[in-house]
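# Model the structure of this input:
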Amino acid sequence: MMTVGVQEDRRGFTLVELLVAMTVGLVVLASVLQIFIYQNRTSSVQTEVAYAQQNVRGAMTVMTREIRAAGYDPHNNGFSAIKAASGSSIQVLSNLSGDDEGSNDPDDADEDVTYAIDNTNRELTRNGNTAIQNVVPNSLQFTYTFSDGDTGVPDETDADTTNDLDDVRSVAVQLQVHTETEDPHFTGGYDLISGSEGTCRTRTLSTRVRIRNMGFEDLE
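Predicted structure coming up:
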């Protein structure tokens with residue numbers, strides 16, 4: 001009886017094959033890592049931008065609501081709706097509580113409101129207190145429209161002149177904020193650190209407010 005031997009192929013991978021496989025694996029792993037880093041950076045940027053947008057929208061909502069209510073005077077005490085105004089700040093009065101104590105000016109802190117910008121600390125302030133942070137310096141701008149259709153800044157030197165505080169009918173407001181942290185992969189935004197080429201993204205919001213309680217004398 002003849003026995004036939006079976007020769008098994010016991011050959012493994014060669015060193016060259018192992019090196020090629022490891023190289024391909026490292027390339028794939030590096031690609032996956034790059035995609036993860038990019039997505040993580042993009043997510044962080046979107047979160048920061050969304051936070052900045054939420055900040056400026058919230059501040060603008062409160063500010064425009066209080067400017068719109070300027071001059072609310074249910075007891076006809078005769079106070080001025082706008083007490084002071086410039087291109088970078090505004091002070092408005094309104095008797096929201098409805099108190100009638102014979103005073104020409106509202107007494108409540110929420111009825112005498114001043115909005116301004118603190119350029120040093122990059123803050124929007126309300127009555128001297130921080131309203132929001134990360135405000136681009138000099139970005140708070142007020143432009144006033146008067147009863148004759150002119151636009152500009154009121155003349156506060158003489159109440160009898162045209163385009164004074166009592167002639168204001170609407171206020172255009174613009175405010176710009178920046179992201180809290182820098183993005184080294186971005187340029188052209190706000191230069192948080194001198195020489196950083198504007199690595200903070202910015203968001204600008206503009207609106208126009210019609211002051212509801214001014215101009216009724218024009219209808220008489």
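# Just the buried positions in the longest strand that the chain contains, please.
In the chain, assigned by DSSP state E, the strand with the most residues is strand 168-178. Neighbour-count burial for strand 168-178, counted by 16 or more other Cβ atoms under 10 Å, picks out 168, 170, 171, 173, 175, 176, 177, 178. In this view, the C-beta of every residue, glycine as well, is placed from N, C-alpha and C.
# Next, the contact list for the last one, please.
I take that to be residue 178. By Cβ atoms under 8 Å, 6 or more residues apart in numbering, the contact list for residue 178 reads 52, 122, 134, 135, 136, 189, 190, 192, 200, 201, 202, 203.
# how does it look with 10 Å?
Neighbouring residues of residue 178 by Cβ atoms under 10 Å, 6 or more residues apart in numbering: 48-49, 52, 56, 122, 133-137, 139, 189-192, 198-203.
# cool, and the third one?
Residue 171 makes contact with 63-64, 67-68, 70, 82, 85, 90, 92, 142-145, 207-211 under the criterion Cβ under 10 Å, 6+ apart.
# what stretches of the protein score poorly on pLDDT?
1-11, 98, 100-105, 107, 109, 156-160, 216-220 (pLDDT under 70).
# Point me to the helix or strand that includes the spatially most central residue of it.
Nearest residue to the geometric centre of the chain (Cα atoms, centre = their mean): residue 56, 2.8 Å. Using DSSP states H and E, the element containing residue 56 is helix 15-68.
# quick one: strands adjacent to the following helix or strand past that helix?
Helices and strands here follow DSSP H and E; after helix 15-68, the next one along the chain is strand 82-85. In the sheet, strand 82-85 lines up against strand 90-93 (antiparallel) (DSSP bridges).
# I'm done for today, thanks for sticking with me.
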